[in-house]
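S.K.: Give me a model of this one.
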Amino acid sequence: MAKKIFDETVLDGKYFEVHQDWETPIPGFFVLESKRKIHSVGEFSEEEAEEFIRFLVKIRKAMKDILGIDYVYLNQREDNLDYDFHLCIFPKYSWMPEKFGQRLHPNEVWAYARENMADEKTIKQVKEAAKKVRDYLN
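M.R.: You can find the predicted model right below:
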């Protein structure tokens, strides 16, 4: 798995973990990451597929129930060979379409967040969101 700056794991299993993405400081931006070195859902075993879906449903429900996030973008690229399999679960906040238009391109939002939101206030919000979700799931 990729090295994380902070260990904000919110859900940990046999095959996958869900953690806050610290490189993109947006509260509620989670990564569902494989513990095995693979690049595609087509490589999942039956057990991995079951845990993956279970974790995706749990984290999405927590995002809705605890953080009030109504909509998300799911982003996964099989051609990104620099990283092992991971699914970005990217929240849609009201400020995003206002700033980037209705057809958001996650890469633009991620770049904006990395350049403009890596401040103490936002990092605190990110940590609080991860803690709330972790507490809810445990």
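S.K.: so where's the longest helix in this structure?
M.R.: The longest helix of the chain (DSSP state H) is helix 46-67.
S.K.: State the mean pLDDT of that helix.
M.R.: For helix 46-67, mean pLDDT is 98.
S.K.: on contacts alone, who are the packing partners of it?
M.R.: Applying 3 or more Cβ pairs under 8 Å, 6 or more residues apart in numbering; DSSP states H and E, we find helix 46-67 packed against strand 9-12, strand 16-20, strand 30-34, strand 86-91, helix 120-137. The C-beta positions use only the backbone N, C-alpha and C, and glycine is treated the same way.
S.K.: can you state the direction angle for the longest one and strand 30-34?
M.R.: Taking axes from the mean of the first three to the mean of the last three Cα atoms, to 10 degrees, helix 120-137 and strand 30-34 form an angle of 60 degrees between their directions.
S.K.: that older thread, can you give me the angle the longest helix of the chain makes with strand 86-91?
M.R.: 20 degrees.
S.K.: In the helix or strand just after helix 46-67, which residues are buried?
M.R.: For helix 46-67, the following helix or strand on the C-terminal side (DSSP states H and E) is strand 72-75. Across strand 72-75, burial judged by 16 or more other Cβ atoms under 10 Å covers V72.
S.K.: quick one: contacts of strand 72-75?
M.R.: With Cβ atoms under 8 Å, 6 or more residues apart in numbering as the test, strand 72-75 has contacts from R60, M63, L87, C88, I89, F90, P91, K92, L104, P106.
S.K.: Generate a ChimeraX selection restricted to the buried entries among these.
M.R.: Per 16+ other Cβ under 10 Å, the buried members of the contacts of strand 72-75 correspond to this ChimeraX selection:
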select :60,63,87,88,89,90,91,92,106
